[in-house]
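K.L.:
make a model of this:
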Amino acid sequence: MQDDNPQQRLTALQDENRRLSEQIKRLVRTEHELYRFQGRLDDQIRIYRHLYEVGKELNATLDLGEILQIATQFVLYQLGFERCVALLYDPEAKAFYVEAHDGYYDEASQAQITGLRFSVGDPPLALILADSDQVICAEGCDQPELLALGQTLGLAEYVAFLLGGEAQQPIGLLIVGNMANKSASHTRIEAYSEFVVGLANFVSHVATAIHMRREIQAREQRLKLEAHARERIEQELHVAQRIQQASLPEEVPELEGWQISPLYRPAREVGGDFFDFLELVDGRLGLVVGDATGKGVPAALVMSTTCGMLRAVAQSSESPGEVLNRVNEALVARIPPSMFVTCFYAILDPKSGRLLYANAGHDLPYVRHGGDADELRARGMPLGLMPGMSYEEKETILEAGDSALFYSDGLVEAHDPKGEMFGFPRLRTLVAEHAKGEPLVDFLMDELRSFTGYGWEQEDDITLVTLQRSAQ
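P.N.:
Just a heads-up that it's a prediction; the model follows:
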């Protein structure tokens, strides 16, 4: 059946044409948007590929200049911005200085940009430091402080980032932008563009690289200082050992009918142990065992001074108490207030076996007689503590077969793996039980090794001197 109204047909065709035309326009717009989206996606892919590659470069170096050179070149040649300025913070000067830049090609602009300094309180930097994300000064910016900074840097538009840290402890700033006299083929500053977003990611890489470099640099500096400190300590220990060794007797006196056996074993950290043999008139022998407080060179110097004084005074006095008194008076004025010296001094008459002695606060010696070990007690304060001290003087007779042990606290204060101390009771028992045969010094050191166990680290100097009268 034919249509009776041509006008209606024409209207319907026109409506259909308009609908198709709108669809075509929408398709064209969609295609255009897809094209733009594809372009942005391609830019993002390209940017992140570059970020991956430049990240490897940043991780491969710890040189600050090289890190910032990589940064400025990446900004210009990969992201398409025209200028880049890297500022680092100097905590001592509390100011930012230009460490690297690119895009400033003439000598005048290079000289101007290199000489720039900004204090933390400068208004534009205060605005940037107050923003933990980024600050953009582009078209439409109405903040005079930011515009003034752009003018100083020769930038019509820019974006500024903190290079890690916080406003109170910043590492630096990275400022990227474009010049006023160009507007063509450069990357525009837009807040959420893939280039600015990619730049923000890149800045975090740079900040991490700088932070790692500074951490490694600080660690290397600490290691260097520790190495210098160890070297200084080793030198001091060497000096202390030389002083101590020079103060100890080179030879052991030989007395008919007597056996003298000394043992000196220094700890790694040299203490103040000392012993000495003083040949006196009429064939008598002075025996000295002592310990200066402290470690290292100070203790060694005090010990050496004490030994020298004892040698000098002993030749003019036959009284051990008087010798200690005179040495004490001299030491009080010569050693630091925090230091003192314990010392046992005895004079032996080899013919009679008479042992005259005095003690300045030192560990009590033991005399073995038969199956017992007796303490040699005599009252007296350590040397060097205070003037006007007197020292009690006593005597004993060493009979044939008797022996005496003089020692330092390094033996009795040694600890076993459980923390138990060797102690005076154990030592006294061992001295009493020691039988003939193995020398007492060797016997005691064997017992000490058995007590402390394998791998024991000696805590203090150990000094032992045994005096034994032969059996008739």
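
K.L.:
I'd guessed Pro262 sits against Pro253; true?
P.N.:
No: applying Cβ atoms under 8 Å as the test, Pro262 and Pro253 come out as separate, 10.3 Å apart. For glycine as for every other residue, the C-beta is placed from the backbone atoms N, C-alpha and C.

K.L.:
and those two? which has more neighbours close in?
P.N.:
Each of Pro262 and Pro253 has its neighbours counted (other Cβ atoms under 10 Å); Pro262 has more, 19 against 15.

K.L.:
a helix runs through that one, doesn't it?
P.N.:
No: Pro262: not assigned to a helix; according to DSSP: H, G, I helix; E, B strand; the rest coil it is strand.

K.L.:
now it, nearest residue through space, not along the chain?
P.N.:
In this structure, Pro262 finds its nearest non-sequential neighbour in Val465, 4.7 Å apart by Cβ to Cβ, 6 or more residues apart in numbering.

K.L.:
go ahead and confirm the one you found touches Leu285.
P.N.:
No: using Cβ under 8 Å, Val465 is not in contact with Leu285; the gap is 11.7 Å.

K.L.:
the more surrounded of those two?
P.N.:
It is Val465, of Val465 and Leu285, that has more neighbours when counted by other Cβ under 10 Å, with 24 against 19.

K.L.:
would you mind measuring from that one to Ser408?
P.N.:
From Val465 across to Ser408, the span is 10 Å (Cβ to Cβ, to the nearest Å).

K.L.:
and Ala209, by the same measure?
P.N.:
57 Å.

K.L.:
equivalent analysis for Gly286, please.
P.N.:
Here the criterion is Cβ to Cβ. By it, Gly286 lies 18 Å from Ser408.

K.L.:
repeat for Pro439
P.N.:
For Pro439 relative to Ser408 (Cβ to Cβ), the value is 18 Å.

K.L.:
more neighbours: these two, which one.
P.N.:
Shown here are Pro439 and Ser408; by other Cβ under 10 Å, Ser408 has more neighbours (26 against 16).

K.L.:
from what I see, that one and Phe344 are in contact.
P.N.:
No: the criterion here is Cβ under 8 Å, and Ser408 misses it with Phe344 at 9.9 Å.

K.L.:
what sits in contact with each of the two?
P.N.:
Shared contacts of Ser408 and Phe344 (Cβ atoms under 8 Å, 6 or more residues apart in numbering): 289-290, 363.

K.L.:
just send these back as a markdown table, with distance to Gln143 and neighbour count too.
P.N.:
As requested, these are exported to a markdown table (distance: Cβ to Cβ, whole Å; neighbours: other Cβ atoms under 10 Å):
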| residue | distance to Gln143 | neighbour count |
| --- | --- | --- |
| Val289 | 83 | 24 |
| Gly290 | 79 | 26 |
| Asp363 | 80 | 21 |
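
K.L.:
for Thr114, state which of these is nearest.
P.N.:
Lowest distance from Thr114 to those (Cβ to Cβ) belongs to Gly290, with 67.5 Å.

K.L.:
domain map for the chain?
P.N.:
Following the assignment in automatic domain parsing, the chain carries domains at 30-216, 248-469.

K.L.:
so who does the closest residue to Ile136 other than its chain neighbours touch?
P.N.:
Spatial nearest neighbour of Ile136, excluding adjacent residues (Cβ to Cβ, 6+ apart): Val159 at 4.8 Å. With contacts defined as Cβ under 8 Å, 6+ apart, the neighbours of Val159 are 134-138, 175-177, 189, 196, 199.

K.L.:
in a helix, Val159, correct?
P.N.:
No: per three-state DSSP, Val159 lies outside any helix segment and is strand.

K.L.:
quick one: it from Thr293, how far?
P.N.:
For Val159 relative to Thr293 (Cβ to Cβ), the value is 66 Å.

K.L.:
same thing with Pro365?
P.N.:
Distance, Pro365 to Thr293, by Cβ to Cβ: 20 Å.

K.L.:
who has more neighbours out of these two?
P.N.:
Pro365 (26 against 19).

K.L.:
just to check, that one is in contact with Glu375?
P.N.:
Yes: between Pro365 and Glu375 a contact is recorded at 7.4 Å, counting by Cβ under 8 Å.

K.L.:
in the protein, where is pLDDT below threshold?
P.N.:
Along the chain, the model assigns pLDDT under 70 to residues 1-4, 34-55, 57-62, 132, 165-169, 180-185, 268-271, 437, 472.

K.L.:
tell me where it has helices.
P.N.:
6-59, 64-77, 107-114, 123-130, 144-153, 194-247, 296-314, 320-332, 409-412, 424-433, 440-452 (DSSP state H).

K.L.:
what are the buried residues along the second one?
P.N.:
Translated: helix 64-77. 64, 66-68, 70-72, 74-76 (16 or more other Cβ atoms under 10 Å).

K.L.:
repeat for the fourth one
P.N.:
Judged by neighbour count (16+ other Cβ under 10 Å), helix 123-130 contains these buried residues: 124-125, 127-129.

K.L.:
in JSON lines, list the residues you listed along with distance to Tyr357.
P.N.:
JSON lines is the format used below for the buried residues of helix 123-130 (distance: Cβ to Cβ, whole Å):
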{"residue": "Pro124", "distance to Tyr357": "84"}
{"residue": "Leu125", "distance to Tyr357": "79"}
{"residue": "Leu127", "distance to Tyr357": "84"}
{"residue": "Ile128", "distance to Tyr357": "81"}
{"residue": "Leu129", "distance to Tyr357": "76"}
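
K.L.:
closest one to Gly80 out of those, please.
P.N.:
Ile128 (22.6 Å).

K.L.:
contacting residues for the closest one?
P.N.:
135, 160, 162, 173.

K.L.:
which ones are touching the third one?
P.N.:
Okay, so that is Leu162. With Cβ under 8 Å, 6+ apart, Leu162 has these contacts: 128-129, 131-132, 170-173, 207.

K.L.:
are any of those buried, and which?
P.N.:
Neighbour-count burial (16+ other Cβ under 10 Å) is assigned, among the contacts of Leu162, to 128-129, 170-173, 207.

K.L.:
make TSV from these and add distance to Asp102 to it.
P.N.:
Output for the buried ones among the contacts of Leu162, formatted as TSV (distance: Cβ to Cβ, whole Å):
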residue	distance to Asp102
Ile128	20
Leu129	23
Pro170	21
Ile171	19
Gly172	15
Leu173	15
Ala207	18
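
K.L.:
looking at these, which is nearest Arg469?
P.N.:
When the buried ones among the contacts of Leu162 are compared against Arg469 (criterion: Cβ to Cβ), the nearest one is Ile171, at 78.1 Å.

K.L.:
Gly164 is in contact with the closest one, correct?
P.N.:
Yes: counting by Cβ under 8 Å, Ile171 touches Gly164, with 4.5 Å between them.

K.L.:
got the contact list for Asp461?
P.N.:
264-267, 270-273, 291, 408, 410.

K.L.:
one more pass at 6 Å, please.
P.N.:
Contact analysis of Asp461 by Cβ atoms under 6 Å, 6 or more residues apart in numbering lists 266-267, 271, 273, 410.

K.L.:
go on, Glu33?
P.N.:
Glu33 neighbours (Cβ under 6 Å, 6+ apart): none.

K.L.:
show me where the stretch 251-400 of the chain has strands.
P.N.:
Under the criterion DSSP state E, counting those that start in this stretch, the stretch 251-400 of the chain contains strands at 258-265, 272-279, 285-292, 341-349, 354-360, 366-369, 372-375, 393-397.
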